[in-house]
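>>> Mind folding the following:
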Amino acid sequence: MSGTNPFDSDEEPSASNDEILEGFLCPMCRADLKSIDYLTEHFARQHAEEEDALKSVFKDIFSKAKKKILNNFEDERERVAPASAAASSPAASASNASAARTSNAKSRHNIYSQLTKQSVGAERGHLEYFQSVRNPRLERYASETNKLIIRLHRLLKDLPTDAVQRKQHEQQTVPWLDGSSVKLCPSCAKSFHIARRQHHCRLCGGIMCNDCSRFLQLENAMQLASLSSTRSDPLQQLQHHEDRAIRLCQHCLWLLDTRQDMLESRTCRPLLAKVYDEIRQLQKQVAPDLEMYAKIINSLLDGESIFTLADAGALRGKIGQVAETIDLRSKRILTIHSEPGSREEALKKAIRLSCVQMIKERMLSLPPLPDEALIKQIQERKRMETEQRILTEQRMAMEAYERYGATTQVGVSMENRNFAQGSDLQSLNNWSAPQASTTKSSVDDPLIEQINIIKGYIKQARQDMNFDVVETLELNLRELQREVYERQRQTSNSSKATSPQANS
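Numbers count the residues shown, from 1 in each chain. Sure, this is the predicted structure:
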């Protein structure tokens with residue numbers, strides 16, 4: 001509070017106006033009372049009878065302030081009126097308005113320029129001090145938690161089911177404090193009596209009442225102690241809920257919960273990351289199927305018989321199921337809660353857009369299944385072309401024999417080789433070769449047995465839609481078929497050669 005009247009006129013300066021008093025001043029005697037309580041008490045005791053004089057002083061101050069404000073307002077109006085009367089064009093009015101704004105800005109600037117600007121002080125980092133205080137505390141908590149887990153492991157390792165034996169085991173594992181001198185609960189400060197008994201923490205041995213006790217379930221205790229769940233099966237047969245738990249104090253339970261939360265935070269992943277990993281795994285699994293489907297379609301259109309139209313249909317159905325699963329997973333990502341306008345929201349939309357684009361470009365744009373009649377027509381045309389090629393090669397071989405006097409064995413071997421090439425057109429599931437009259441049955445032939453085994457493998461691979469294995473097994477099967485046919489042809493030719501000699 002100031003000791004001078006700020007609204008005194010400039011025309012009548014006084015000597016007292018030069019002095020400025022500050023503090024909790026009495027408006028009558030201008031004594032500094034140091035606080036508002038002392039000021040109130042002083043005025044009520046010393047100037048109770050001078051209340052009317054005080055009212056007149058404040059009335060005089062308010063009247064002078066009102067007069068000064070009105071005078072400033074009238075002076076401003078007198079300056080603005082001639083300027084507005086002289087302005088006869090919009091340009092002049094605009095210039096006057098800008099001048100008024102400039103004057104106001106200058107007045108505000110003059111007011112702010114009178115204020116002293118505070119300089120930037122010295123800066124000091126407290127990170128080292130914070131770490132020096134925080135690290136010992138964390139080490140102490142970690143040490144206490146490790147001790148509790150060791151005690152918990154020893155406590156649960158051979159915990160008996162009988163109540164008396166269990167109490168003895170707990171006291172032997174962790175010594176209990178003597179409660180004869182403890183009259184109050186350390187947590188709630190309530191006195192112990194017959195209705196409020198003393199209880200002990202099973203990990204630190206501290207004393208508490210029943211209301212301040214906390215219980216840790218045996219399943220969670222087993223997990224913290226790194227014990228198998230089979231050890232807790234006999235303990236699950238206990239009837240009371242408290243018997244299936246361990247009594248702890250608040251501090252010990254807080255330490256164990258903190259350790260559990262820390263372990264879960266390290267292993268737990270956000271739901272968005274889990275669903276995105278599932279989508280990436282599905283995309284990785286379906287990529288070979290997409291390539292195999294295109295390969296099967298091209299093979300069918302080329303007239304090959306390694307794959308069938310049913311294989312292409314089954315693989316196309318599998319790709320459609322994977323596309324539907326990816327679409328559902330991407331829609332599930334959009335349902336995960338996130339703040340509007342956040343980076344997580346933009347990430348979810350980007351994942352959904354990429355999944356939709358991948359489904360459209362790679363899965364829905366697959367070539368359609370060809371017509372079965374068209375496939376048969378192409379295979380028949382290729383078979384005829386192959387037969388024509390075989391006949392041409394045989395005719396050329398006979399001409400070479402007649403021209404150059406080739407031996408009969410060369411012609412026979414050429415015929416066998418050509419016919420072996422023609423065996424590619426034999427059906428794999430209904431394979432049949434010319435049976436030779438041999439003393440050994442076809443079942444005892446190891447090549448025939450191997451062919452039957454490979455056919456079983458091919459059938460199983462088709463059921464599992466593992467078409468890479470199907471292709472490899474089909475090629476192996478044809479090699480075995482050629483070998484069996486070559487052997488039977490040689491046996492048949494040798495029997496024909498020996499039969500004329502026997503007749504002669």
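>>> Residue 296 touches residue 312, doesn't it?
Yes - contact criterion CB atoms under 8 Å: residue 296 and residue 312 qualify, at 4.7 Å. Heads up, the C-betas are built off the backbone N, CA and C, glycines and all.
>>> Would you mind identifying the helix or strand in the chain with the lowest mean pLDDT?
helix 408-422 (a mean of 43; mean pLDDT, DSSP states H and E).
>>> So which bits of the following helix or strand past that helix are buried?
Using DSSP states H and E, the next helix or strand after helix 408-422 towards the C-terminus is helix 446-463. Within helix 446-463, the residues that count as buried by 16 or more other CB atoms under 10 Å are 448, 451, 454-455, 458, 461-462.
>>> cool, and stretch 394-404?
Buried-residue list, stretch 394-404, by 16+ other CB under 10 Å: residue 397.
>>> what mean pLDDT does that stretch have?
For stretch 394-404, the mean per-residue pLDDT is 79.
>>> for the stretch 151-300 of the chain, which spans come out with low pLDDT?
228-243 (pLDDT under 70).
>>> just the strands in it please.
199-200, 207-208, 214-217, 245-248 (DSSP state E, counting those that start in this stretch).
>>> how many other residues sit next to the closest residue in space to residue 362 that isn't next to it in sequence?
Of all residues not flanking residue 362 in the chain, residue 290 sits nearest, at 6.0 Å (CB to CB, 6 or more residues apart in numbering). A count of nearby residues for residue 290, using other CB atoms under 10 Å, gives 15.
>>> is it true that residue 290 touches residue 365?
No - assessed by CB under 8 Å, residue 290 is found out of contact with residue 365, at 10.2 Å.
>>> Is there a neighbour count for residue 218? I'd like the number.
By the measure other CB under 10 Å, the count of residues near residue 218 is 21.
>>> Look up how far residue 255 lies from it.
As judged by CB to CB, to the nearest Å, residue 218 and residue 255 stand 18 Å apart.
>>> swap in residue 359?
50 Å.
>>> Please say which of those two ends up with more neighbours.
residue 255 (22 against 18).
>>> So the more buried one sits against residue 141, correct?
Yes - judged on CB under 8 Å, residue 255 makes contact with residue 141 at a distance of 6.7 Å.
>>> State the helix or strand in which residue 140 lies.
helix 127-157.
>>> So which bits of that helix are buried?
145, 148-149, 151-153, 155-156.
>>> Let me know the closest of these to residue 170.
residue 155 (6.5 Å; CB to CB).
>>> how about the nearest residue to that closest one, chain neighbours excluded?
Closest residue to residue 155 apart from its sequence neighbours, by CB to CB, 6+ apart: residue 173 at 4.9 Å.
>>> Report the contact partners of that neighbour.
Counting by CB atoms under 8 Å, 6 or more residues apart in numbering, residue 173 makes contact with 151, 154-155.
>>> Need the strands of the stretch 151-300 of the chain in CSV (columns: distance to residue 375 and mean neighbour count).
Below are those laid out as CSV (distance: least, CB to CB, whole Å; neighbours: other CB atoms under 10 Å):
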stretch, distance to residue 375, mean neighbour count
strand 199-200, 82, 21
strand 207-208, 83, 20
strand 214-217, 65, 16
strand 245-248, 70, 22
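>>> Pipe these into TSV and attach distance to residue 133 per row.
TSV is the format used below for the strands of the stretch 151-300 of the chain (distance: least, CB to CB, whole Å):
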stretch	distance to residue 133
strand 199-200	33
strand 207-208	29
strand 214-217	28
strand 245-248	28
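>>> So which of these is nearest residue 344?
Here strand 214-217 is closest among the strands of the stretch 151-300 of the chain (CB to CB), at 34.3 Å.
>>> what bridges to residue 25?
residue 32 (DSSP bridges).
>>> thought it was touching residue 34?
No - taking CB under 8 Å as the definition, residue 25 is not a contact partner of residue 34, at 10.3 Å.
>>> Could I get the buried residue list for stretch 377-389?
So for stretch 377-389, counting by 16+ other CB under 10 Å, buried means 378-379, 382.
>>> So what's the gap between the helix holding residue 140 and the chain middle?
Relative to its chain's centre, helix 127-157 lies at 30 Å (CA atoms, centre = their mean, to the nearest Å).
>>> One more: stretch 182-196?
Relative to its chain's centre, stretch 182-196 lies at 49 Å (CA atoms, centre = their mean).
>>> who touches that stretch?
For stretch 182-196, contacts defined as CB under 8 Å, 6+ apart pick out 179, 198, 206-212, 249-250.
>>> Which of the residues you listed fall within helices?
Residues of the contacts of stretch 182-196 located in helices (DSSP state H): residue 250.
>>> quick one, what contacts residue 483?
residue 447.
>>> Run through the neighbouring helices and strands of the helix or strand harbouring residue 321.
Residue 321 belongs to helix 309-334 when assigned by DSSP H and E. Contact analysis of helix 309-334 by 3 or more CB pairs under 8 Å, 6 or more residues apart in numbering; DSSP states H and E lists helix 271-301, helix 343-358, helix 467-503 as its packing neighbours.
>>> who wins for proximity to residue 122 among those helices?
helix 343-358 (37.4 Å).
>>> Check which residues of that closest one are buried.
348, 351-352, 355, 358.
>>> circling back to that earlier point, include distance to residue 327 and pLDDT when you put the buried residues of helix 446-463 into a markdown table, please.
Shown next, in a markdown table, are the buried residues of helix 446-463 (distance: CB to CB, whole Å; pLDDT from 0 to 100):
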| residue | distance to residue 327 | pLDDT |
| --- | --- | --- |
| 448 | 49 | 80 |
| 451 | 44 | 79 |
| 454 | 39 | 81 |
| 455 | 38 | 80 |
| 458 | 33 | 79 |
| 461 | 29 | 79 |
| 462 | 28 | 78 |
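>>> between the residues you listed, which is nearest residue 307?
residue 462 (9.3 Å).
>>> residues contacting that closest one?
311, 314, 470.
>>> was I right about the first one contacting residue 295?
No - at 10.6 Å, residue 311 and residue 295 do not qualify as touching, with contact defined as CB under 8 Å.
>>> Need the residues touching each of the two.
When CB under 8 Å, 6+ apart defines a contact, no residue borders residue 311 and residue 295 alike.
>>> who's more crowded, the two?
More neighbours surround residue 311 than the other of residue 311 and residue 295, with 19 against 16 (other CB under 10 Å).
>>> quick one: average confidence on stretch 70-78?
For stretch 70-78, the per-residue pLDDT averages 70.
>>> for stretch 23-32, same thing?
For stretch 23-32, the mean pLDDT works out to 79.
>>> List the buried residues for it?
So for stretch 23-32, counting by 16+ other CB under 10 Å, buried means 24-27.
>>> Check stretch 214-232 too.
Buried residues in stretch 214-232, defined by neighbour count with 16+ other CB under 10 Å: 214, 216, 218, 221-222, 224-225, 227, 232.
>>> In PDB, list the C-alpha atoms belonging to stretch 199-209.
C-alpha atoms of stretch 199-209 as PDB (Å, rounded to 0.1, in the frame of the first residue of the first chain):
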ATOM      1  CA  HIS A 199      -0.700 -61.900  12.400                       C
ATOM      2  CA  HIS A 200       2.700 -62.400  10.900                       C
ATOM      3  CA  CYS A 201       4.000 -61.800   7.300                       C
ATOM      4  CA  ARG A 202       5.200 -65.100   5.900                       C
ATOM      5  CA  LEU A 203       8.100 -63.400   4.000                       C
ATOM      6  CA  CYS A 204       9.500 -60.800   6.400                       C
ATOM      7  CA  GLY A 205       8.000 -62.000   9.800                       C
ATOM      8  CA  GLY A 206       6.500 -58.600  10.500                       C
ATOM      9  CA  ILE A 207       3.400 -58.100  12.700                       C
ATOM     10  CA  MET A 208       0.100 -56.700  11.600                       C
ATOM     11  CA  CYS A 209      -3.700 -57.100  12.200                       C
END
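>>> which residues are in contact with that stretch?
Contact partners of stretch 199-209, identified using CB under 8 Å, 6+ apart, comprise 148, 151-152, 155, 170, 174-177, 179, 182, 185-188, 190, 192, 196-198, 210, 213, 246-249, 251-252.
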